[in-house]
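Enquirer: need a structure here:
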Amino acid sequence: MGALERAEAQVAAARDDPDGRLSLIAGVFRGPTGRAPRHLPFRRAALSFMRWQARRGVLNPLDATPPGSVWWRAVNERLLRDGCETVSLLGGLPGEPSSEAVRQWLTFSANPTSRNWYRAHNASIAGGYLQHRDLADAESAPERFFMNVALVRVLYAHALVGAPRLALGRLAPLGRVLGDPRLGMAGVFLSLRRVLPDRYPLARDVERYIDEEQRLGRMLDYAVIVPRLQALYEWSAVELAEPRLLELVRDGNPIYAWPYEERHVWHTGPMPFAARVLGRVTRPPRVG
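Expert: You can find the predicted model right below:
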């Protein structure tokens, strides 16, 4: 059995078991021998993102009550498969890396830094988004909106470490600490539990969910992240060696399974004073 075939078998065995999925991603950071002390601290961020998905119920079996999400399950499986394939390759099973994301995971394994972790993790996430666009179209409108929010958040967390001036402007020196996946602060961006509804499927319209977003999350999204969205996608496309990411944004508006004509959801009315101040001090640098 080759590395890819082994990974696919592992993922298939855990397909209807959310706890089994969590065990698989945790095992990626233990490596082929079960001992990888330099990699283990990065497990925290990966588990934070996946535990949030499990709590929402999107990883539930499709015959459960309520059922899981076909799209979320597929995107999650892409991350699991890439990680498991990497461990199998490191363990000596035959094969070449099946994707750029697996190459990034191998680079992280050889040199476990924060930036390399984001390159690997986000390459798998972006690959899953791009691979399963057809499944995304079948989800509800609010779910499709939050798919974009989730992608924006993981790309922004990566930029905190890899391009802190883009992410935070004059507060750039704080970026590497806020985005370090080994520390608890990264969970603010990756768990998404303070941003997205904690149940699936969603029953109300998008505007209701936006209005109910917690104040801190709303300030971060609309005062800090939205003004730099186009530049964030452009930087991420280069950083992840995935130019197709540019197909998911238009004029600074995310358009993954979301119509450009409804771009008003990415903008808001007058912001409170604290948000305006935060927006000014983190203003992104001008791009020539």
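Enquirer: Pass me the low-pLDDT residue ranges in the chain, would you?
Expert: Within the chain, the stretches with pLDDT under 70 are 187-196, 213-217, 286-288.
Enquirer: centroid residue for it?
Expert: For the chain, the residue nearest the mean C-alpha position is residue 154 (3.8 Å; Cα atoms, centre = their mean).
Enquirer: Okay, and that residue sits in which element?
Expert: Element membership for residue 154 (DSSP states H and E) is helix 141-162.
Enquirer: one step back: the residue nearest to the centre of the chain contacts residue 124, correct?
Expert: No: with contact defined as Cβ atoms under 8 Å, residue 154 does not count as touching residue 124 (10.3 Å). Where C-beta positions appear, they are placed from N, C-alpha and C, glycine not excepted.
Enquirer: Give the buried residues for the helix holding residue 154.
Expert: Neighbour-count burial for helix 141-162 flags 142-162 (criterion: 16 or more other Cβ atoms under 10 Å).
Enquirer: so which strand or helix has the residue lying closest to residue 77 once chain neighbours are set aside?
Expert: Excluding the flanking residues, the one nearest residue 77 by Cβ to Cβ, 6 or more residues apart in numbering is residue 11, at 5.3 Å. Following DSSP H and E, one finds residue 11 within helix 3-13.
Enquirer: how distant is that helix from the center of its chain?
Expert: 22 Å (Cα atoms, centre = their mean, to the nearest Å).
Enquirer: counting contacts, what elements does it pack onto?
Expert: helix 18-28, helix 70-90 (3 or more Cβ pairs under 8 Å, 6 or more residues apart in numbering; DSSP states H and E).
Enquirer: Can you check which of those gets nearest to residue 249?
Expert: helix 70-90 (17.9 Å; Cβ to Cβ).
Enquirer: just checking, the residue nearest to residue 77 touches residue 82?
Expert: No: assessed by Cβ under 8 Å, residue 11 is found out of contact with residue 82, at 9.9 Å.
Enquirer: For those two, indicate the residue with more neighbours.
Expert: Higher neighbour count among residue 11 and residue 82: residue 82, with 29 against 22, using other Cβ atoms under 10 Å.
Enquirer: got the contact list for that one?
Expert: The contact partners of residue 82, taken as Cβ atoms under 8 Å, 6 or more residues apart in numbering, are 7, 99, 101, 102, 105, 120, 123, 124, 127.
Enquirer: and residue 94, how many residues sit next to it?
Expert: 12.
Enquirer: For it, which non-adjacent residue is closest in space?
Expert: Closest to residue 94 by Cβ to Cβ, 6+ apart is residue 2, at 5.0 Å.
Enquirer: Might you report the residue contacts of that neighbour?
Expert: 88, 93, 94, 95.
Enquirer: The same query, at a cut-off of 7 Å, please.
Expert: With contacts defined as Cβ atoms under 7 Å, 6 or more residues apart in numbering, residue 2 is in contact with 93, 94, 95.
Enquirer: thinking again about what came up before, please spell out the PyMOL selection for the buried subset of the contacts of residue 82.
Expert: Buried members of the contacts of residue 82, defined by 16+ other Cβ under 10 Å, are picked up in PyMOL with:
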select buried, resi 7+99+101+102+105+120+123+124+127
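Enquirer: Tell me which two in the contacts of residue 82 are the farthest apart.
Expert: 7 and 123 (15.5 Å).
Enquirer: First-to-last residue distance for stretch 104-120?
Expert: 5 Å (Cα to Cα, to the nearest Å).
Enquirer: about what we covered before: and the helices and strands packed on helix 3-13, which is most packed in?
Expert: Stretch with highest mean neighbour count among those: helix 70-90 (a mean of 24; mean count of other Cβ atoms under 10 Å).
Enquirer: can you give me the angle that one makes with helix 18-28?
Expert: Following axes from the mean of the first three to the mean of the last three Cα atoms, to 10 degrees, one obtains 30 degrees for the angle between helix 70-90 and helix 18-28.
Enquirer: all numbers from here: first residue = 25
Expert: Sure, I'll start counting at 25 from here, so that last one is helix 94-114.
Enquirer: quick one: helix 94-114 to helix 165-186, angle?
Expert: In terms of direction (the same axes, to 10 degrees), helix 94-114 departs from helix 165-186 by 30 degrees.
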